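Undergrad: dropping a prediction and its sequence here:
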Amino acid sequence: MDVDNTLLLPNCEHKTDIKTPFLIGVAGGTASGKSTVCKKIMEQLGQADMDQAQRQVVTIGQDSFYRELTTAEKAKAQKGLFNFDHPDAFNENLMYDTLQEVLKGRIVKVPCYDYRSNSLDHENKLTIYPADVVLFEGILVFYFPKIRDLFHMKLFVDTDSDTRLARRVPRDINERGRDLDAVLTQYMTFVKPAFEEFCSPTKKFADVIIPRGADNTVAIDLIVQHIRDFLNNRSRYGSTTNINHDNTNGIGFRDPDSFMAIRRYSSLCNELTNKENAFFGKHQNRTQH
Ligand SMILES: Nc1ncnc2c1ncn2[C@@H]1O[C@H](COP(=O)(O)OP(=O)(O)O)[C@@H](O)[C@H]1O
Ligand SMILES: Nc1ccn([C@@H]2O[C@H](COP(=O)(O)O)[C@@H](O)[C@H]2O)c(=O)n1
């Protein structure tokens, strides 16, 4: 595995001290606002400006798991002829193994992704320290079944496709070193068809669908409150004793406060569903692209 997964923090030396993080998957089409939603969650939880090693909540991007390209593929990518929106563009095994290490409370190092050179930057690795909550965001985080099954909570950022294209064009030109022609050609050739084939169908796996992305402050507040309840519960009851890692409903709480937190969460969900601020599984067909 190409990650430094052998290290344990000093306070995690004994198995009983290891905390399994609450793992949240954040999927959605390109430029839907996945990173912005994660950033807002981190900010509202007072985590954004904190030292990396002290954070209780961390975000990992799926772009760190693009696979290395062959020389021929690199040449194609430079001409905008490589499909970065297809599941085969990712290293599924590395992604799975890394998330397993994260769930075991180990430190992992992941490379940053360089969109200008279409390659992983192994000189510039991000150290992910054990945290209580880990957000994993990317276009296809719910595509691979065994990865999807690792999440305790699944969010889908559902922003209309015109808005996404309107945001992607300036972002790719200003931040990813592309020109207008290349962005539009790539979008029509690969991005849009792959969104429809691989990303959009994963919306059905989401527990919470966030229409309008980061603009949806009500949905973000709700998610933040849920994370706060989880963190408060964990600091009160400690360790992993409050977590059932059973891969069915993902997470189970044994103490009354957590149960009440979940009850509060459910009633907020119902309230939001009625107000059409956030949609849950059964309402997914009502959102449009
Ligand atoms: N609610 C919003 N209003 C305006 N611009 C936004 C909003 N959300 C995201 N953006 C901008 O759109 C672009 C893509 O957002 P980002 O969060 O990076 O999307 P993703 O992570 O899904 O690709 C960025 O330039 C970001 O600043
Ligand atoms: N070398 C690359 C790698 C990926 N992309 C595009 O990035 C998009 C995913 O990132 P978001 O932040 O938009 O979710 C995906 O749609 C790829 O087309 C790229 O252009 N070049």
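TA: Looks like it arrived, so ask away. Ligands and ions are numbered 1, 2, ... in the order given.
Undergrad: which element is the residue of the chain most remote from its centre on?
TA: Most distant from the centre of the chain: residue 72, at 30.1 Å, with distances by CA atoms, centre = their mean. In this structure, residue 72 sits in helix 71-78 according to DSSP states H and E.
Undergrad: which strands and helices lie in contact with that helix?
TA: With contacts taken as 3 or more CB pairs under 8 Å, 6 or more residues apart in numbering; DSSP states H and E, helix 71-78 sits against no other helix or strand. The C-beta positions use only the backbone N, C-alpha and C, and glycine is treated the same way.
Undergrad: contacts for that helix?
TA: 69, 82, 84, 118-119 (CB atoms under 8 Å, 6 or more residues apart in numbering).
Undergrad: and the residues you listed, which is closest to residue 62?
TA: Nearest to residue 62 among the contacts of helix 71-78, counting by CB to CB, is residue 84 at 11.1 Å.
Undergrad: keep only the contacts of helix 71-78 that also lie close to ligand 2.
TA: Among these, the residues lying close to ligand 2 (CB under 6 Å from any ligand atom) are 84, 118.
Undergrad: the contacts of helix 71-78, buried ones only, as a PyMOL selection?
TA: A single PyMOL command selects the buried members of the contacts of helix 71-78 (16 or more other CB atoms under 10 Å):
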select buried, resi 69+82+84+118
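Undergrad: and the stretch 51-200 of the chain, which residues reach ligand 1?
TA: So far as CB under 6 Å from any ligand atom goes, the stretch 51-200 of the chain lies against ligand 1 at 167, 171.
Undergrad: and the strands in the stretch 51-200 of the chain, which stretches?
TA: Secondary structure of the stretch 51-200 of the chain (DSSP state E, counting those that start in this stretch): strands at 57-61, 108-114, 119-128, 133-137, 153-158.
Undergrad: what about the nearest residue to residue 144 once chain neighbours are set aside, distance to residue 170?
TA: Spatially, and ignoring its direct neighbours in sequence, residue 144 is nearest to residue 92 (5.1 Å; CB to CB, 6 or more residues apart in numbering). Distance, residue 92 to residue 170, by CB to CB, to the nearest Å: 31 Å.
Undergrad: so between these two, which is more surrounded?
TA: Set residue 92 next to residue 170 and count neighbours by other CB atoms under 10 Å: residue 92 wins out with 16 against 12.
Undergrad: quick one, what contacts that one?
TA: Residues near residue 92 by CB under 8 Å, 6+ apart: 65, 144, 147.
Undergrad: same thing with residue 113?
TA: Shown in contact with residue 113 (CB under 8 Å, 6+ apart): 61, 63-64, 66, 119-121.
Undergrad: just give me the closest of those to ligand 1.
TA: When these are ranked by distance to ligand 1 (CB to the nearest ligand atom), residue 61 comes first, at 8.0 Å.
Undergrad: in the stretch 101-250 of the chain, what residue lies closest to ligand 1?
TA: Going by CB to the nearest ligand atom, ligand 1 is nearest to residue 167 of the stretch 101-250 of the chain, at 3.5 Å.
Undergrad: quick check: the gap between that residue and residue 31.
TA: For residue 167, the distance to residue 31 (CB to CB) stands at 4 Å.
Undergrad: and the two? Which one has more around it.
TA: residue 31 (24 against 17).
Undergrad: quick one: that one from residue 126, how far?
TA: Counting by CB to CB, the separation of residue 31 from residue 126 is 22 Å.
Undergrad: can you count the residues close to the nearest residue to residue 184 once chain neighbours are set aside?
TA: Leaving aside its sequence neighbours, residue 184 sits nearest to residue 169 (CB to CB, 6+ apart; 7.4 Å). Using other CB under 10 Å, residue 169 has 16 other residues around it.
Undergrad: where along the stretch 1-150 of the chain do the helices fall?
TA: Here the stretch 1-150 of the chain has its helices, by DSSP state H, counting those that start in this stretch, at 34-44, 71-78, 92-103, 145-148.
Undergrad: residue 136: which of these is closest?
TA: helix 92-103 (6.7 Å).
Undergrad: got the angle for that closest one vs strand 57-61?
TA: Orientation check (axes from the mean of the first three to the mean of the last three CA atoms, to 10 degrees): helix 92-103 against strand 57-61 gives 170 degrees.
Undergrad: now do the same contact list for residue 192.
TA: Going by CB under 8 Å, 6+ apart, residue 192 touches residue 161.
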